[in-house]
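1. Provided below for reference: sequence and predicted model.
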Amino acid sequence: MNTGQDTHLSEASRGKITENIVHFARTLRKAGLPIGPASVVEAVEAVVISGLRNRDDLYWTLHAVFVNKHEQQPVFDEAFRIYWKTHGLVEKLLSILSPVAPAGPKEPEKPKVGQTRLSQAFETNRKREAAETRPQVEVDARFTVSEREVLQKKDFAQMTATEIAQARRALQSIQLPLDKVATRRLVPAGRGRIDPRRTLRASLRAGGNVIDLRHRKRAEQHPPIVALCDISGSMSQYTRVLLHFLHALSEKRRVQTFLFGTRLTNITRDLTRKDPDEAFLLCTDSVADWSGGTRIAHALYEFNRKWSRRVLSGGPIVLFISDGLERQEDSMLEWEMDRLHRSCRRLVWLNPLLRFDQFEAKARGIRALLPHVDEFRPVHSLDAVADLCIALGDRGKSNRAHDPRQWLHRVA
Amino acid sequence: MTSGELPKSIEETQGLLDSAGYVADRSLATVLHLALRMGRPLFLEGEAGVGKTEIAKVLAASLDRPLVRLQCYEGLDISTAVYEWNYAAQMIEIRLAEAEGNVSREALANSVFSQRFLIRRPVLQALETSSAGAPIFLIDELDRSDEAFEAFLLEVLADNQVTIPELGTIKAGEPPITIITTNRTREIHDALKRRCLYHWLDYPTAERELEIVARKVPGAAEQLAQEVVAFVQHLRNNEDLFKQPGVAETLDWATALTELNEVALDPEMVTDTLGTLLKYQEDIDRIKGSRAHEIVESLRQDLFAQGQSPQTGPLSR
């Protein structure tokens, strides 16, 4: 069936198409799209098969093969525009593909030009962004809130091997609240419901005379974790430990991590790198607002709108890590927190301020948030992952100590 | 082109969808054409209510092929998605063999695990070719299933085959036309996406949406249809809503208003019927009442200013 349109293509013209698509794919790869050799082969096949008529057809054909996430579309779009425009390649390609192939153009321009232009285009984009971010002198650090958008990059100190080992050990013993949930999937078990399939196979082993009952039960699984970490000036010194903690945790379960200061950043992909230091390097690169101000309400709003429907499936535990000091005073904060609370299994607020004895839930932001969390926990010294695990684990202790309501009553 | 045969060009694909009442833009037709020609699964992503599932249905109807639908949910496993043995019948077979006496164990196992006792679930059905050709295989809302099932699908999608331990490998004679939809409630693994052609189905443009309304709600007055579409487009583009209305909601709303014998948008009626369009209380609160009034006023002016609107009657009733 596929042969109908291929036949009129000579080896040479097919070679030209291939060459162009290979270069285009390479450009896209440089721009950060994950494109393997298999998709290049596929793209060539698709272009030959599709019987394109115009530029748009080519666009959507290549789009179908090279893009596999909605977020990648802007990059693809830009790359396509630059690459196929500067060359006037589309017309040449179409002329090669059309059955009445007129004489081909002399020499295809060197694709190198397009490459440099695309990278230049990306370069200028980056520069423009950099120009917008005026570095500001950071004055206030902990226990203060500022709304200024201080955009700066921060380096993580490297984690020592012993630290990693300690963290692993501590993590193995950690038990989060509601740590195991039954899924709807069934697995073989010693007792439980009867498993007809295994029963039958087992009985056949004995020739069917004895029915040897086998059982199965619902599989249990760690629920996924979604972490929202505050990286404002007052919190950023804790983030290193927190990220190590989350990185180690993601080895065993599905963890989605977001950082927020003045804006919200999803760093889940960055954290999937095996090596923690490499992972954190990526994080620091992708986050622009380390140690700036906080806009908790805005961050929550953005999370609820853009991400909640995409990451809150499967009933996750949400870890909200912040000191809750918010300057913006209106009902938005309470409202957004309520929404978040209603769409997850359990909302745990980890607040470093809580470790001070004289802490009282007086700040307006804290009072707005408290009614909507399930647990309100201190994070002790926060110097090591091990401490964090102890704080979170809290095995056997009654949950009453972490009931958010008692903090509200105490002040009232 | 006779029915059942695959379209040969992008134009034909578009025409095919069009003839079945699905108004598609050229980008969608291109991808669909490719999927049909290359025999690759089509991976459709998009917000709820933009017509992802509908494509599979339309394709089945217009190509005159059976539609096999697999609705995904958490805990979906092999026994509900692929195949199951008919245990009761197997038990009886064993008892009968027993009564007959001297049947060898191997022969018994062979007869018990044969095609006769196999219950076919959607995936296995999709691998069967009927007289009309390979079926349309719709894997709906894949994001609702768990990762384990996603991994299982890799074999089906890449090689169009299923392995049953007791029987061996079952391979499709002609690969099914597979369409996968997701709502993005969770990220699908790259390995699975790599085996498919990807397309993001967006909300339609005003022009296309108007055509859809005209096709699907033929009873709607022309002015009503125009105003409904303009209103919905305004909500999508300019209002900060938690959940934007999809095409399905537009159609529901147009139908509802038509049933109520409306010929144009009336702000009061808009407020009363907003529940068919918006599904979150805070969204409804934001739009109802005075805001709805303002939007209707402004879009009337826009439509009037365009002057292209063919209606001649007075704008207010």
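-> All right, it came through fine. Numbering: from 1, shown residues only, chains lettered A, B, ... in the order given.

2. list the buried ones in stretch B:123-143?
-> B:123-129, B:133-143 (16 or more other C-beta atoms under 10 Å in any protein chain shown). Quick note: C-beta positions are derived from backbone N, CA and C, even for glycine.

3. Repeat that for stretch A:331-347.
-> If you call a residue buried by 16+ other C-beta under 10 Å, then stretch A:331-347 has these buried ones: A:332-341, A:343-347.

4. what number of residues lie near the residue lying closest to A:M337 once chain neighbours are set aside?
-> Nearest non-adjacent residue to A:M337, counting by C-beta to C-beta, 6 or more residues apart in numbering or on different chains: A:H372, 4.4 Å away. Residues near A:H372, counting by other C-beta atoms under 10 Å in any protein chain shown, number 20.

5. A:C344 versus A:H372, what's the distance?
-> Distance from A:H372 to A:C344, counting by C-beta to C-beta, to the nearest Å: 11 Å.

6. quick one: secondary structure of A:R327?
-> coil (DSSP: H, G, I helix; E, B strand; the rest coil).

7. If you could redo that for A:V41, that was the one I meant.
-> Secondary structure assignment for A:V41 (three-state DSSP): helix.

8. how many neighbours does it have?
-> As a burial measure, A:V41 scores 15 neighbours (other C-beta under 10 Å).

9. Distance of it relative to B:A29?
-> A:V41 is 24 Å from B:A29, by C-beta to C-beta.

10. ok, and what's touching the helix or strand harbouring B:L251?
-> Assigned by DSSP states H and E, B:L251 falls within helix B:247-259. Outside helix B:247-259, the residues within contact range by C-beta atoms under 8 Å, 6 or more residues apart in numbering or on different chains are B:48-51, B:203-204, B:209, B:212-213, B:216-217, B:219-221, B:224-225, B:228-229, B:232, B:245, B:265, B:269, B:273, B:276-279.

11. In that helix, which residues are buried?
-> B:V247, B:E249, B:T250, B:L251, B:D252, B:W253, B:A254, B:T255, B:A256, B:L257, B:T258.

12. what is the rounded mean pLDDT of the helix or strand just after that helix?
-> Following helix B:247-259 in sequence order, the next helix or strand is helix B:267-273 (DSSP H and E). On average, the pLDDT along helix B:267-273 is 90.

13. Buried residues, helix B:267-273. List them.
-> Along helix B:267-273, these residues count as buried under the neighbour rule (16+ other C-beta under 10 Å): B:P267, B:M269, B:V270, B:T271, B:T273.

14. So what touches that helix?
-> B:F231, B:W253, B:A256, B:L257, B:L260, B:E262, B:K288, B:G289, B:A292, B:H293, B:V296.

15. Show me how far that helix is from its chain's centre.
-> 30 Å (C-alpha atoms, centre = their mean, to the nearest Å).

16. after it comes which helix or strand?
-> Next helix or strand after helix B:267-273 toward the C-terminus (DSSP H and E): helix B:281-287.

17. Check which helices and strands the very next helix or strand once past that next one is in contact with.
-> Moving toward the C-terminus from helix B:281-287, the next helix or strand (DSSP H and E) is helix B:290-306. Applying 3 or more C-beta pairs under 8 Å, 6 or more residues apart in numbering or on different chains; DSSP states H and E, we find helix B:290-306 packed against helix B:222-238, helix B:267-273.

18. List the buried residues in helix B:290-306.
-> B:A292, B:I295, B:V296, B:L299, B:R300, B:L303.

19. closest to chain A among those?
-> B:I295 (20.9 Å; C-beta to the nearest C-beta).

20. Next up, the contacts around that closest one.
-> B:F231, B:H234, B:L235, B:I287.

21. go on, B:R120?
-> So B:R120 contacts B:Y83, B:E128 (C-beta under 8 Å, 6+ apart).

22. Would you tell me which residues of the stretch 201-350 of chain A are close to chain B?
-> For the stretch 201-350 of chain A, the residues in contact with chain B (C-beta under 8 Å from any C-beta of the partner chain) are A:203-204, A:207-209, A:304-305, A:309-314.

23. Now which of these would you call buried?
-> Using 16+ other C-beta under 10 Å, the buried members of those are A:S203, A:L204, A:G208, A:N304, A:R309, A:V311, A:L312, A:S313, A:G314.

24. what would those residues look like in a markdown table with pLDDT and distance to A:H247?
-> Listed next are those as a markdown table, based on pLDDT from 0 to 100; distance: C-beta to C-beta, whole Å:
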| residue | pLDDT | distance to A:H247 |
| --- | --- | --- |
| A:S203 | 82 | 48 |
| A:L204 | 78 | 48 |
| A:G208 | 67 | 53 |
| A:N304 | 89 | 25 |
| A:R309 | 82 | 25 |
| A:V311 | 86 | 17 |
| A:L312 | 86 | 21 |
| A:S313 | 82 | 22 |
| A:G314 | 79 | 20 |
